[in-house]
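Asks: below are the sequence and a predicted model for it; my questions follow.
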Amino acid sequence: MAPAEPKKRVSKLLNPASGYLTGYSYTLNPYVGCSFGCSYCYVRRMPVAMFRDEPWGEWVDPKPFEGEDFRKEWSRALKKGPVTVFMSSATDPYQPAEYASMRTRLVLEVMAEKPPEFVLVQTRSPLVVRDMDLLKRLGSHVRVSMTVETDREDIRKQLTPKAPPLAARWSAIRELRNNG
């Protein structure tokens, strides 16, 4: 008799919102860690960052994503009532790892099939414009918040040396605004 297949571990992407995130039912972080490594980031002092060998800002792990598993998780959340999502409370959803892993895009594709009441996408990366097609499909159910720490590039380089330059962020903001 063949041994039983090990049960597949399903990783959840939706976490109940708490703390200062009043008004949101869930947080969603497509990654653990953040390659931007902003000097003021509160996550660098959380256990997820404190018990790694690499310093904060030098590692990022895409969370496991199985489309059908997330569709089921998403459907269950929608059945419970209005869904409002803060993406992302502990990592940037559009950091460089997103180019290859596309976790954020995959999540937004599922959300666009059955839109939430509202999703806030918090980023500092102009890569967000890549997903303009999905943002348009989400329409009034989505807002993008682009972090701009300062209007001086020399100060930005001190605070967030690995984050995208201000000019690229301003350009992304204009493009997002021009596309509604």
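Replies: Arrived safely.
Asks: in what helix or strand does the most centrally placed residue in the chain lie?
Replies: Most central in the chain under Cα atoms, centre = their mean is Pro93, positioned 2.9 Å from the mean C-alpha point. Here Pro93 is covered by no helix or strand, with elements defined by DSSP states H and E.
Asks: which residues touch it?
Replies: Contact analysis of Pro93 by Cβ atoms under 8 Å, 6 or more residues apart in numbering lists 29-31, 87, 103-104, 121-123. Every C-beta, even on glycine, is put in place using the N, C-alpha and C of the backbone.
Asks: and those, which of them are in strands?
Replies: The strands, defined by DSSP state E, take in 31, 87, 121-123 from these.
Asks: buried subset of those residues, written for PyMOL?
Replies: Buried residues among the ones in strands among the contacts of Pro93 (16 or more other Cβ atoms under 10 Å), as a PyMOL selection:
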select buried, resi 31+87+121+122+123
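Asks: turn the ones in strands among the contacts of Pro93 into CSV, including distance to Gly180.
Replies: Formatted as CSV, the ones in strands among the contacts of Pro93 follow (distance: Cβ to Cβ, whole Å):
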residue, distance to Gly180
Tyr31, 27
Met87, 19
Val121, 14
Gln122, 19
Thr123, 18
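Asks: pLDDT and distance to Met111 added to the ones in strands among the contacts of Pro93, as a markdown table?
Replies: Output for the ones in strands among the contacts of Pro93, formatted as a markdown table (pLDDT from 0 to 100; distance: Cβ to Cβ, whole Å):
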| residue | pLDDT | distance to Met111 |
| --- | --- | --- |
| Tyr31 | 94 | 17 |
| Met87 | 96 | 9 |
| Val121 | 98 | 10 |
| Gln122 | 97 | 15 |
| Thr123 | 97 | 16 |
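Asks: Ile173 versus Ala167, what's the distance?
Replies: Noted for Ala167: a distance of 11 Å to Ile173, by Cβ to Cβ, to the nearest Å.
Asks: show me which of these two is the more surrounded one.
Replies: Using other Cβ atoms under 10 Å, the more surrounded residue of Ala167 and Ile173 is Ile173, with 16 against 10.
Asks: ok, now which ones touch that one?
Replies: Counting by Cβ under 8 Å, 6+ apart, the residues that Ile173 touches are 146, 148.
Asks: much appreciated, bye for now.
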